[in-house]
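Q: any chance you can model this:
(chains A, B, C and D)
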Number of protein chains: 2
Amino acid sequence: MTFEQTNTQDLAPKADEILDVTQTLVQQHGYHGFSFRDVAKSVGIKSASVHYHFPTKELLGAALARRYTDATLAHLGDPSDLNKDPDVLIGSFVAVFRGVLENDGLMCLCGMLGAETRTLPEQVAVESRRFFERTSAWLATVLKRRDVGISAQQAEAQALRIIATLEGSMIVSRAMNDLKVFDRIAANLDP
Amino acid sequence: MTFEQTNTQDLAPKADEILDVTQTLVQQHGYHGFSFRDVAKSVGIKSASVHYHFPTKELLGAALARRYTDATLAHLGDPSDLNKDPDVLIGSFVAVFRGVLENDGLMCLCGMLGAETRTLPEQVAVESRRFFERTSAWLATVLKRRDVGISAQQAEAQALRIIATLEGSMIVSRAMNDLKVFDRIAANLDP
DNA sequence: GTCTATAATTTGATAGAC
DNA sequence: GTCTATCAAATTATAGAC
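A: The predicted structure is shown next:
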């Protein structure tokens, strides 16, 4: 079980198992490409039981994106922790994305949802947007520690650029079916 | 009509109109999120008539991605044309992606397909891979002209990084519903 | 080339038994 | 919480008339 799938809230164990399975499905197929029956089959229950835990697909998708963001931030920890070197923190940030890609070539959940965003139910779009707001704020905090002279605006712009590059690297790496593509790009994140 | 939708092959006008409509649908919903009836309705015919032009969804998707790649390359022109400044060519490359995003917040067709790549019919995946192979080769050629000392490997790595950043910028910009995000990232492509 | 009609399957969602 | 059963709608695709 990867960190993205850790139960960080007080969800029923079964609800969490449903989210685990759904997450992988969305990372592979996208929001429009999975069904309640796909989920049910993987969990070993019937689709009506999935609806018991998540009445609608929108609620399931929103819970999924929220959990993903929360688990990612929890894994990254405090960006202001003076015991941690900024470069090490940035390295762990890159490793989050690489870890997802390594895992059977999955796409970042919120990168996938971001691509589909124009046709997503509102609450799913809101939660996927929250992923980029929170992770870019985390990274901007680290960049301000590393580059002491930088402005808040510059740090935020650099953070967004790095996140965009990582998301795009996952897409290109997957499309070209070559994990080395991700590594070569990530090695030059700050060229 | 945007350049991506120009008829570059000898397709029947109706087939081309079907591709125009399908392209927008895929850029919004993804490959798994559109149907033959969606296409038919937009064109003003019945879904059976769409099947006449493109027997299967895989053939439709593959033709779509191929036309998109060909139209993009045709628009970009010869990367070795000495009458064109490398920086101008790079600017036109960035403008291609920005133009798509400006157009009602659409995603790059092959960026969308790249995200879905693991669950795409084979021929669709092949054609979306081709997009990244060809466009990165084009950009690497320009970069070698601009940075005279650069190795072929370095030029290729920089090209992939720039394309990844542009694809990711579209995702983040769309997810955050803010076109300025794309512009701020694109302004620092070569930081 | 486009149509009607239809096949066979899948979809999100609900009712009600246990 | 999970099940069976079911619904109404949508899905890809085909056959055959015009």
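Q: is stretch A:113-125 in proximity to DNA strand C?
A: No - on the criterion Cβ under 7 Å from any atom of the strand, stretch A:113-125 is out of touch with DNA strand C, staying 8.5 Å away. Using the backbone N, CA and C atoms, a C-beta is placed for each residue, glycine as well.
Q: wait, does that stretch contact DNA strand D?
A: No - applying Cβ under 7 Å from any atom of the strand, one finds stretch A:113-125 separated from DNA strand D by no less than 11.6 Å.
Q: in that stretch, what's buried?
A: A:113-117, A:120, A:123-125 (16 or more other Cβ atoms under 10 Å in any protein chain shown).
Q: and what of stretch A:132-141?
A: A:132, A:135-136, A:138-141.
Q: what's the answer for stretch A:79-92, then?
A: Neighbour-count burial for stretch A:79-92 [16+ other Cβ under 10 Å]: A:79, A:89-90.
Q: now distance to A:Y31, secondary structure and pLDDT too, for those, in a markdown table please.
A: A markdown table is the format used below for those (distance: Cβ to Cβ, whole Å; DSSP: H, G, I helix; E, B strand; the rest coil; pLDDT from 0 to 100):
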| residue | distance to A:Y31 | secondary structure | pLDDT |
| --- | --- | --- | --- |
| A:P79 | 29 | coil | 98 |
| A:L89 | 31 | helix | 98 |
| A:I90 | 30 | helix | 98 |
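Q: filter those residues down to the ones near DNA strand D?
A: Among the buried residues of stretch A:79-92, proximity to DNA strand D is found for none (Cβ under 7 Å from any atom of the strand).
Q: now, among those, which is nearest to DNA strand C?
A: A:P79 (36.8 Å; Cβ to the nearest atom of the strand).
Q: so the residue in chain A sticking out farthest from the centre: helix, strand or coil?
A: What lies farthest from the middle of chain A is A:G149; by Cα atoms, centre = their mean that is 29.9 Å. Classification of A:G149 by DSSP: H, G, I helix; E, B strand; the rest coil places it in coil.
Q: give me the below-cutoff pLDDT ranges for chain A.
A: A:1-10, A:191 (pLDDT under 70).
Q: out of the buried residues of stretch A:113-125, who's nearest A:V181?
A: A:A115 (18.2 Å; Cβ to Cβ).
Q: how close does that closest one sit to DNA strand D?
A: 18 Å (Cβ to the nearest atom of the strand, to the nearest Å).
Q: tell me the residues of chain A that contact DNA strand C?
A: A:34-38, A:47-48, A:51, A:55-58.
Q: now render these as CSV, adding secondary structure and neighbour count.
A: Shown next, in CSV, are the residues of chain A next to DNA strand C (DSSP: H, G, I helix; E, B strand; the rest coil; neighbours: other Cβ atoms under 10 Å in any protein chain shown):
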residue, secondary structure, neighbour count
A:F34, coil, 23
A:S35, coil, 14
A:F36, helix, 19
A:R37, helix, 11
A:D38, helix, 16
A:S47, helix, 14
A:A48, helix, 9
A:H51, helix, 15
A:P55, coil, 10
A:T56, coil, 12
A:K57, helix, 19
A:E58, helix, 16
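Q: save those residues as a markdown table, and put in distance to chain B too.
A: A markdown table is the format used below for the residues of chain A next to DNA strand C (distance: Cβ to the nearest Cβ, whole Å):
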| residue | distance to chain B |
| --- | --- |
| A:F34 | 9 |
| A:S35 | 10 |
| A:F36 | 15 |
| A:R37 | 15 |
| A:D38 | 11 |
| A:S47 | 18 |
| A:A48 | 23 |
| A:H51 | 21 |
| A:P55 | 22 |
| A:T56 | 17 |
| A:K57 | 13 |
| A:E58 | 15 |
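Q: what does chain A put close to DNA strand D?
A: A:12, A:14-15, A:40, A:44-49, A:52-53.
Q: one more pass at 6 Å, please.
A: Residues of chain A lying close to DNA strand D by Cβ under 6 Å from any atom of the strand are A:12, A:14, A:45-46, A:48-49, A:52.
Q: from the residues you listed, pick the one nearest DNA strand C.
A: Using Cβ to the nearest atom of the strand, the residues of chain A next to DNA strand D come closest to DNA strand C at A:A48, 3.6 Å.
Q: before we move on, the earlier item: from A:V21, how far off is the residue farthest from the centre of chain A?
A: Distance from A:G149 to A:V21, counting by Cβ to Cβ, to the nearest Å: 47 Å.
Q: all good on my end, thank you.
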